[in-house]
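Undergrad: this one's structure only:
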């Protein structure tokens with residue numbers, strides 16, 4: 001599901017810009033999650049948990065410079081309860097965490113979740129039934 005992450009989260013020259021493939025992937029994932037009835041609010045909640053992980057790592061003087069499987073498992077444990085109702089969401093989160101090797105990658109994951117939540121909001125609004133008066137279809 002996250003093949004676009006094989007080359008990392010950020011552009012090689014500009015560590016501040018997410019790669020275009022990652023941004024495109026956010027749109028694709030948002031569509032998948034929308035079809036799986038995952039809400040933007042749930043993704044935002046998970047993103048905040050990831051941001052908390054970043055903050056906790058920054059405040060600890062001996063935080064990991066490299067993330068191993070044990071670090072990634074600890075992060076997943078913080079969000080696992082939010083993924084229980086959706087195998088698609090759980091798989092996506094696990095796939096993304098496999099690509100987290102540094103604190104910068106964790107930041108990229110957080111930003112990716114924020115973009116996905118925004119895409120979900122847009123897609124949800126676009127797919128919601130229109131409210132208001134119905135158009136006149138009898139030709140008068």
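TA: Sure, I can see it. Predicted model, so just to flag it, every value in this text is computed and none were measured.

Undergrad: contacting residues around the helix or strand bottoming out on mean pLDDT in the chain?
TA: Least confident helix or strand, the chain: helix 40-59 with a mean of 88, by mean pLDDT, DSSP states H and E. Under the criterion Cβ atoms under 8 Å, 6 or more residues apart in numbering, residues 33, 63-64, 75, 78-79, 82-83, 89, 93, 103, 106-107, 109-110, 113-114, 116-118, 120-121, 124 lie in contact with helix 40-59. All C-beta atoms are positioned from the backbone trio N, CA, C, and that covers glycine.

Undergrad: by contact count, what packs against the following helix or strand past it?
TA: If you walk from helix 40-59 toward the C-terminus, the next helix or strand you reach (DSSP states H and E) is helix 69-83. In terms of contacts (3 or more Cβ pairs under 8 Å, 6 or more residues apart in numbering; DSSP states H and E), helix 69-83 is packed against helix 40-59, helix 87-98.

Undergrad: by how many degrees do helix 69-83 and helix 87-98 diverge?
TA: Angle, helix 69-83 to helix 87-98, by axes from the mean of the first three to the mean of the last three Cα atoms, to 10 degrees: 160 degrees.

Undergrad: buried residues in helix 69-83?
TA: For helix 69-83, burial by neighbour count (16 or more other Cβ atoms under 10 Å) applies to 71-72, 75, 79, 82-83.

Undergrad: ok, which pair from these is furthest apart?
TA: 71 and 82 (19.0 Å; Cβ to Cβ).

Undergrad: Read off the pLDDT value for the residue at minimal distance from the centre of the chain.
TA: With the centre of the chain defined as its mean C-alpha position, the nearest residue by Cα atoms, centre = their mean is residue 113, 2.4 Å away. The pLDDT attached to residue 113 in the predicted structure is 96.

Undergrad: quick one: it is in a strand?
TA: No: looking at residue 113 with DSSP: H, G, I helix; E, B strand; the rest coil, it is helix, so not inside a strand.
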